[in-house]
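Undergrad: Please work out how this folds:
(3 chains)
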Amino acid sequence: MIHCAIEKPVLFSYEECLWFLDRNLDECLYRVENGEVVRALCIGGETVLFRISDGGDVLRLAISDGGDKHMPAVEAFVRAWIDFDTPLERFYEQLREVPALSYMPEQYGGLRLIGIPDLFECLCWCVIGQQINLSFAYTLKRRFVENFGGVVEKGGHVLRTFPTCSTVAELHVEQLRALQFSGGKARYLTQIARAFCNGDISRKHVEPLPRDERLRMLMRLPGVGPWTANYVLMKSFRDPDAVAVGDAGLLNALLRHGLITHKGESSRIDELFAQFAGYRAYLVLYLWRSLSARA
DNA sequence: CGCCAGGTTAGAG
DNA sequence: CTCTAACATGGC
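TA: Sure thing, here's the model as predicted:
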């Protein structure tokens, strides 16, 4: 067991981030227990288990034995996953300028944009979640991971890793249909997996491109439309201005705040987001956050 | 039973 | 380019 402490950034709330990580009880890629996050991570062919806990001014990381040499990679993953490196001061100023949103820095202060660093995982999660309610989406993801992903058992924990593209590329549509995936989702998932295996797409290819090119590259994949492409920019590439256009939850949040009176007021939405240049993705996150009551 | 859900696609006009 | 139906199923 090796430990490490990361200094928390300004405007960081362990509690808020933990709330986000724990808000859905059916998450299968990590566990939240006793205020700690436990997760498995594949690094260079090895699977290491790590644990995150609150250490006051620091975040504590612990890696289970054997994984000592992977601490730098785990630390880098956690920093990226929980978005340590975005300063939020300016965003909170922007929120305070909009009366309907001015409560947010107080209510959700320190909430960070928890990402999905792996591009393949992020795309699969989008396809799984399209046009179904979130709880069913988590059910489908669990079935997907439990049936086709990896398992690690260490120190009394059973943890799972996301299926690899080579595994998913070999799946038959009927295997996914049996898990109650629609025919469309089943086809998209296997086709996207093949695109990764073929090298038709990879993070390395997409990352260097400007936003429009990234969107275009992503939308060439089957099952990837504007919503998914922007969601991927937000959660996997950390584009600060990516907005999941037309998102059902986002529209509901805008309605609840009286920022629009009916869905389809795209010009008014554009105006609002224009005020949040540099932090549009964070505005989406905080609006999503507002849809869930505090536990 | 009906309507909506972290949408996308194919086909028609 | 815009509009529509179909997709499959759960939650309410």
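Undergrad: Could you use CA atoms for every contact and neighbour count after this?
TA: Will do.
Undergrad: What residues does the stretch 101-250 of chain A have near DNA strand C?
TA: A:Gln131, A:Ile132, A:Asn133, A:Ser135, A:Phe136, A:Arg177, A:Gln180, A:Phe181, A:Ser182, A:Gly183, A:Gly184, A:Lys185 (Cα under 7 Å from any atom of the strand).
Undergrad: what's near enough to touch the second one?
TA: Looking back up the chat, that one is A:Ile132. Shown in contact with A:Ile132 (Cα atoms under 8 Å, 6 or more residues apart in numbering): no residues.
Undergrad: Quickly find the element holding A:Met217.
TA: Element membership for A:Met217 (DSSP states H and E) is helix A:211-219.
Undergrad: Can you spell out which helices and strands pack onto the lengthiest strand in chain A?
TA: Longest strand in chain A by number of residues (criterion: DSSP state E): strand A:46-55. When contacts are defined as 3 or more Cα pairs under 8 Å, 6 or more residues apart in numbering; DSSP states H and E, strand A:46-55 sits against strand A:36-43, strand A:58-63.
Undergrad: how distant is the first one from the center of its chain?
TA: If you compare the mean C-alpha spot of strand A:36-43 with that of the full chain, they lie 15 Å apart, counting by Cα atoms, centre = their mean, to the nearest Å.
Undergrad: Tell me which residues touch the residue of the stretch 51-200 of chain A found nearest DNA strand C, please.
TA: For the stretch 51-200 of chain A and DNA strand C, the shortest gap (Cα to the nearest atom of the strand) falls at A:Gly183, measuring 2.7 Å. Contact partners of A:Gly183, counting by Cα under 8 Å, 6+ apart, are A:Val173, A:Arg177.
Undergrad: So for it, what's the pLDDT?
TA: Looking at A:Gly183, its pLDDT stands at 96.
Undergrad: same question, A:Gly44
TA: Confidence for A:Gly44, expressed as pLDDT, is 85.
Undergrad: Got phi/psi on it?
TA: Here is the backbone geometry of A:Gly44 (degrees, to the nearest 10): phi 50, psi 50.
Undergrad: Against A:Cys124, how distant is it?
TA: A:Gly44 sits 22 Å away from A:Cys124, going by Cα to Cα, to the nearest Å.
Undergrad: Next: A:Arg211.
TA: Counting by Cα to Cα, the gap from A:Arg211 to A:Cys124 is 20 Å.
Undergrad: and if you look at A:His157?
TA: A:His157 is 25 Å from A:Cys124, by Cα to Cα.
Undergrad: Between these two, which is the more surrounded one?
TA: The neighbour count for A:His157 versus A:Cys124, taken as other Cα atoms under 10 Å, is higher for A:Cys124 (25 against 13).
Undergrad: pretty sure the more buried one is touching A:Leu189, no?
TA: Yes. Under the criterion of Cα atoms under 8 Å, A:Cys124 makes contact with A:Leu189 at 6.2 Å.
Undergrad: returning to what we had before: could I have the PyMOL command that selects the buried members from the residues of the stretch 101-250 of chain A next to DNA strand C?
TA: Typed into PyMOL, the line below selects the buried ones among those, using 16 or more other Cα atoms under 10 Å:
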select buried, chain A and resi 181+185
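Undergrad: The residues of the stretch 101-250 of chain A next to DNA strand C also near DNA strand B: which ones?
TA: Among these, DNA strand B is touched by A:Gln131, A:Ile132, A:Asn133, A:Ser135 when using Cα under 7 Å from any atom of the strand.
Undergrad: Narrow the residues you listed to those in strands?
TA: Per DSSP E, these never map to strands.
Undergrad: Output those in a markdown table; the columns should cover pLDDT.
TA: Shown next, in a markdown table, are these (pLDDT from 0 to 100):
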| residue | pLDDT |
| --- | --- |
| A:Gln131 | 95 |
| A:Ile132 | 96 |
| A:Asn133 | 94 |
| A:Ser135 | 94 |
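Undergrad: Name the nearest of those relative to A:Phe196.
TA: A:Gln131 (23.9 Å; Cα to Cα).
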